[in-house]
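Participant: compute the structure for the input listed below.
(2 chains)
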Amino acid sequence: MKGPVSQTSQTAAPPTPAEPLLSVRELVSEFRTEQALVRAVDGVSFDLARAEVLGLVGESGSGKSVTALSILGLLPRPHGRVCSGSVRFAGRELLGLPERELRALRGARIAMIFQDPMSCLNPYLKVGDQLAEVCVLHLGFTRRRAWQRAVELLGQVQIPDAARRASQYPHELSGGMRQRAMIAMALCCEPALLIADEPTTALDVTVQAQILELLLRLRDERQLSLLLITHDLGVVNNTCDRVLVMYAGRIVEAAPARALFEAPHHPYTHALLSSVPRADLPAAPGAASADSTPKKRALLAALDGLPPRLDLGPFGACSFAPRCAHAIDACRDGEPALISTAPGRLARCIRPPREWS
Amino acid sequence: MSAPLLEVEDLHVYFDSSPGPVRAVDGVSLQLYPGQTLAIVGESGCGKSTLARAILGLEIPRSGRVLFRGRETAYDGRSQRALWRELQMIFQDPDASLNPRMTIGSTIAEPIALLRRLPRPQCVDGARKLLRQVGIDPSLFDRYPHELSGGQRQRVSIARALAVEPRALILDEAVSALDVSIRAQILNLLVSLQDQLGLAYLFITHDLGVVRHLAHEVAVMYLGQIVEQAETQALFTAPQHPYARALLAAVPSLAPDARLATSTLHGELPSPVSPPAGCRFHTRCPEVFARCRAEAPELFTLGSRRARCFLVEHAPRRGA
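Facilitator: The predicted model follows:
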C-alpha cells in the first residue's frame, strides 16, 4: 500500500504555522532477510521546517539511517522496501514517484552526505572535476563554467587554496577536507534539504567542530533545512533545534533540543543521557583520582541488555520495557502511543515523566 | 607510590617513506603504575597507536627504551612472549581480533594453554570462569563470535586478554565502536576489573568523556610528542597547553545551555614527515609568538604536571 495516509495520528510537528518543507507520515520500511521480515522503520512521522536543524538520534539498528534512505527512495532493492506511509517534500509526494523524477530531485533539491566521504568521491577523478560534473549534469553548465563554479564551491566550504585543491585527487586531501568537498558537492545545486548521516563521526573533535560550524552557517545563509542523523548526543545538543529519539524502529521521544537535554520525557532518552561519560563534568565522587584511589569507584548508569531483535516483532508491548528501570505491568500489555507530554513535546511512554524522573 | 610497572624513555619510532622518515613517535617518555589508568589522547596521526604498538614490541623503535617491571624489552620472539604474559592488548574491532572459526571458549582457553602451560581441563575451567567474570553466560562457551553482539564480542576479547593473568592492559580505542549504552556497560566492566585485579590500563582514545570518567592521569599527544601530561581532574579543569585547551573546548557538551564551540582550531595538521620547526603546534596555535617559531619548547614541569609550551615556562598556573 503506497500513498498518503490520513494525518490523524500524533506527529512531531514544530509549532510553526507555515507548511513544513518535509513532512513524513506513518512511514513503514521493511527488509527481507533469508530468515525473516525485519520492520526497520515502524510508523515514523515528523515534520521538518525550512531552515530547521532536526536531529535524528538512536543507536545502531534503531532505524535512523533507514528512515533517511526511505525518504530519498534509496533503500537497497530488492531486499528493502517502503511498505506504507507518506513523504511530502515541498508539497509533493515522493513515495511512488518514478525513479527518473526522484533522481532529478536527489542532488538538486535534496542532497545527502555520509560518514565516509570516500563512499561518494571517485578516487580516480580530480575533486574539481567531480563537482563540475554535477553542475554540468544538473545545471547544464559548460565544462569551463562548471570548473569555475567548482572552485567557488570549494572556497565556500572554506577549503584553503581552493583552485589548487580542485586539481587534486581525493587521496591528497585530509579527512576533514574530503568531508568539506563532499559538502561542497551536495551544495552544487543549492538544495533546500540536506540529509547528513553521521557526517562527523569519523572525524577528530577539532575537525568535527569546524564541519558542524560550516553546516550551521549554511543553514543561516541559505535557509537550508538539515536532517542530522547521529548517535552522538553532544553533537545533537550543540547543533539541533529539535530532536527525535529512535528506538527499535520507532520515534520514542520528540522535543526541542534544549528541553530534551534539560529533562528527557522518555526513560530510554533518560538512560541514554546518563550512560554518556561526560568530558564537561567532574567524574562522580569516588571516581578515578590519582592521590586517593578509593576502593569503590563510580560506575556509569548503564542500560542492561540489548535492543530487541526486530525480526521477532511485533511485540505487542513497549519495546523498551525489558530494559526499562521504570516499567510496570501495563507496559507489557500493549504498544504505547506517541503522546503529548508538554507543548511541542511527545513521548512514547504510558507513564508521565513526573512519575519516574 | 610504588615503582612503575611500565616505563617508556625517550622513545622514537620512525617509518620509512619516500619524502623522508615519518616521525610517528618522537621522544615520548611516560610511566604507568600498578592499578592506575593512564590515558593517551590526541587526534588521528598524533602517534598514539604507534606508541602502543612500540610498547608491545610490535614496532621496533629507532631509539629509546621500553621497560616493563624494570626489564628492557628486546625485540625477539622469546622476550616478546615473556612481555605478553604480563601485558596484553585490546583493540577497537573485536571482529578483527577474534578468530571467526574458533568458539569463544577455545579462543579464551588457547592463551591459557600456550602461555600458562596448563592441562586442557584446567584451561576449559579457567575459560568458563573468565566468561563469567566479563559478564557472559558460560553456557555460550561453544558459540562462535558471529553469534554474539558487538558488546559481547568485546567482552570476549577482554576475557581472552585476562586469560594469561596480565598485570597491565593496553586498550586502543577499545570502546570507540560501541553504541552509547553498550559502551557504558564495557566501561563499567573495565572499572570493576581494575578494582578487583589491580590491573594497570594504558588507555588510548580520542573520546575525552571516557578519559575523564576512567583515567587517573592523561597524556595529550600532538605530532608524535606529549604536549601535556597531568592528573585527570587538573587537566580537565585547567589545561595548560593551548592544544589541550582547544581539544577540550571542541568536545560537544551535554549541558542544556551548551552551544557549539566555534573556531577552536584552524588549519590542517602538519605532516609528521616534516613537522614545523620550533614548537610543532605553532602553525595552529592561537597564542603563538616569535620564540615559538624559532625554538622548540621542552616539556616543562609544573608541580605534578608537564606541558610543552613557553607560556608555562615561568608563568603561574592558569586557572588552577
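Participant: going forward, measure contacts and count neighbours with C-alpha atoms only.
Facilitator: Fine.
Participant: the residue lying closest to A:C120 once chain neighbours are set aside: which element?
Facilitator: In space, and not counting its chain neighbours, A:C120 is closest to A:M182: 7.4 Å by C-alpha to C-alpha, 6 or more residues apart in numbering or on different chains. Using DSSP states H and E, A:M182 falls within helix A:175-187.
Participant: apart from its chain neighbours, what residue comes closest to the residue of the stretch 151-300 of chain B found nearest chain A?
Facilitator: With C-alpha to the nearest C-alpha, the shortest gap between the stretch 151-300 of chain B and chain A falls at B:G209, namely 3.9 Å. In space, B:G209 comes closest to A:A279 once its chain neighbours are excluded; the distance is 3.9 Å by C-alpha to C-alpha, 6+ apart.
Participant: before we move on, what SS does that neighbour have?
Facilitator: coil (DSSP: H, G, I helix; E, B strand; the rest coil).
Participant: can you give me the buried ones in the helix-or-strand element of chain B with minimal mean pLDDT?
Facilitator: Comparing every helix and strand of chain B by mean pLDDT, DSSP states H and E singles out helix B:94-97 as the least confident one, with a mean of 83. For helix B:94-97, a neighbour-count test (16 or more other C-alpha atoms under 10 Å in any protein chain shown) marks B:P94 as buried.
Participant: what's the average pLDDT for the next helix or strand after that helix?
Facilitator: Sequence order places helix B:104-116 as the next helix or strand after helix B:94-97, per DSSP H and E. For helix B:104-116, the per-residue pLDDT values average out at 89.
Participant: thinking again about what came up before, next, work out how far apart the residue nearest to B:G209 and A:V44 are.
Facilitator: 33 Å (C-alpha to C-alpha, to the nearest Å).
Participant: repeat that for B:P256.
Facilitator: Distance check for B:P256 against A:V44: by C-alpha to C-alpha, it reads 26 Å.
Participant: do B:T73 as well
Facilitator: Distance, B:T73 to A:V44, by C-alpha to C-alpha: 58 Å.
Participant: settle it for me: which of the two has more neighbours?
Facilitator: Neighbours were tallied for B:T73 and for A:V44 using other C-alpha atoms under 10 Å in any protein chain shown; the higher tally belongs to A:V44 (23 against 18).
Participant: so which bits of the helix or strand in which that one is found are buried?
Facilitator: Taking DSSP H and E as the criterion, A:V44 maps to strand A:37-48. Counting neighbours by 16+ other C-alpha under 10 Å, one finds that the buried residues in strand A:37-48 are A:37-48.
Participant: verify the stated contact: A:R345 with A:A254.
Facilitator: Yes: A:R345 sits in contact with A:A254 when judged by C-alpha atoms under 8 Å, with a separation of 5.6 Å.
Participant: pick out whichever of those two has more residues nearby.
Facilitator: Neighbour tally, A:R345 and A:A254, criterion other C-alpha under 10 Å: the higher count belongs to A:A254, 31 against 23.
Participant: name the element B:L248 belongs to?
Facilitator: Assignment of secondary structure by DSSP H and E places B:L248 within helix B:242-250.
Participant: let me fix that: A:V245
Facilitator: Here A:V245, judged by DSSP H and E, is contained in strand A:242-247.
Participant: that strand close to chain B?
Facilitator: No: under the criterion of C-alpha under 8 Å from any C-alpha of the partner chain, chain B is not reached by strand A:242-247; the shortest gap measures 12.1 Å.
Participant: related to what we said a few turns ago, quick one: the residue nearest to A:C120 and A:N122 touch, right?
Facilitator: No: under the criterion of C-alpha under 8 Å, A:M182 makes no contact with A:N122, lying 10.8 Å away.
Participant: and the two? Which one has more around it.
Facilitator: More neighbours surround A:M182 than the other of A:M182 and A:N122, with 26 against 15 (other C-alpha under 10 Å).
Participant: mind checking which helix or strand the residue positioned nearest the centre of chain B is in?
Facilitator: By C-alpha atoms, centre = their mean, the mean C-alpha position of chain B lies nearest to B:I204, the distance being 2.3 Å. Under the assignment given by DSSP H and E, the secondary-structure element containing B:I204 is strand B:200-205.
Participant: can you confirm A:R354 is in a helix?
Facilitator: Yes: counting by three-state DSSP, A:R354 is located in a helix.
Participant: I am finished for the moment; much appreciated.
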